[in-house]
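Enquirer: All I have is the shape, not the residue letters:
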């Protein structure tokens, strides 16, 4: 099944999807993925370095790229669920393989930034699969990996049958991807990770399980339209109003760019 998921990713061809060259062994329990080396690294690292100089247009372009990548994957295959969209990644650089990096699929799926500042997403289906193979829940697999802050509440709250000690695994869905995109949107516009005022992941998890969304940022960073849209992305599953569809996300970011252009022209 791991090979099937790898083939699915390898068949994705889009400017906002990180290409997969192939796999290699001897980097851990699972095969390591071989991908192009991106000088700008992870979204989180990129924002830490460029936050003071990034323009609003550049931030919206990053969001538009991530949204377009997710939209393409849904159109390419109904079975493609990213499962762990976030801003962090651990990269393993190998000088013997020019301009490539490898990583073992270790429950860290992320947004990466290309050399020209374009957002690229990766790791489709592997996070969900490794949660099952590892015999852990989605929530426990993320503690210590750094992606907990972006994950939807329903993935942290497994159903525990009365006659079993171990909880049933809760698998990512297109709706949980939308929730994560809302967190990526918050991070890109503010330059700070979600729940940045909490140092420990345990504090973040407690807030998420209580359905406490991040605090409203300064209006100079996030306007009312953007904040309302992010809140829609974070709507509880089964709470009445559905989370936006990926097409709606792409259209919203495009409209924000139009509004920005009109305001500055």
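Expert: That came in fine, so what should we check first? Keep in mind it's a predicted model, so treat the numbers as computed, not measured. Numbering: from 1, shown residues only.
Enquirer: What segments of this protein are strands?
Expert: 22-24, 32-36, 92-93, 100-103, 111-113, 119-121 (DSSP state E).
Enquirer: Let me know which of the ones you listed is the nearest to residue 197.
Expert: Residue 197 lies closest to strand 111-113 among the strands of the chain, at 22.0 Å (Cβ to Cβ). All C-beta atoms are positioned from the backbone trio N, CA, C, and that covers glycine.
Enquirer: tell me what that closest one is packed against?
Expert: On a contact count with 3 or more Cβ pairs under 8 Å, 6 or more residues apart in numbering; DSSP states H and E, strand 111-113 meets helix 43-50, strand 119-121.
Enquirer: Other residues contacting stretch 229-241?
Expert: Contact partners of stretch 229-241, identified using Cβ atoms under 8 Å, 6 or more residues apart in numbering, comprise 152-154, 175, 178-179, 181-183, 185-186, 211, 213, 222, 242-244, 249, 252.
Enquirer: Buried only: go through the residues you listed for me.
Expert: If you count burial by 16 or more other Cβ atoms under 10 Å, the buried members of those come out as 152-154, 175, 178-179, 181-183, 185-186, 213, 222, 243-244, 249, 252.
Enquirer: Let's see which of the residues you listed end up in helices.
Expert: Counting by DSSP state H, the part of these found in helices is 175, 178, 179, 181, 182, 183, 185, 186, 249, 252.
Enquirer: picking that back up, tell me which of the strands of the chain sits nearest to residue 48.
Expert: strand 111-113 (11.6 Å).
Enquirer: any idea how far the closest one is from the chain center?
Expert: 9 Å (Cα atoms, centre = their mean, to the nearest Å).
Enquirer: List the contacts of residue 20.
Expert: Residue 20 makes contact with 6, 9, 10, 12, 33, 34, 35, 122, according to Cβ under 8 Å, 6+ apart.
Enquirer: Between all of these, which two are separated the most?
Expert: Taking Cβ to Cβ as the measure, these span a maximum distance of 15.2 Å, between 12 and 34.
Enquirer: so who does the closest residue to residue 208 other than its chain neighbours touch?
Expert: Among residues not flanking residue 208 along the chain, residue 153 sits closest, at 5.1 Å (Cβ to Cβ, 6 or more residues apart in numbering). Neighbouring residues of residue 153 by Cβ under 8 Å, 6+ apart: 179, 208, 209, 211, 236, 237.
Enquirer: and if we set it to 7 Å?
Expert: Contact partners of residue 153, counting by Cβ atoms under 7 Å, 6 or more residues apart in numbering, are 208, 209, 211, 236.
Enquirer: Could you count how many residues lie near residue 226?
Expert: Neighbour count for residue 226, taken as other Cβ atoms under 10 Å: 20.
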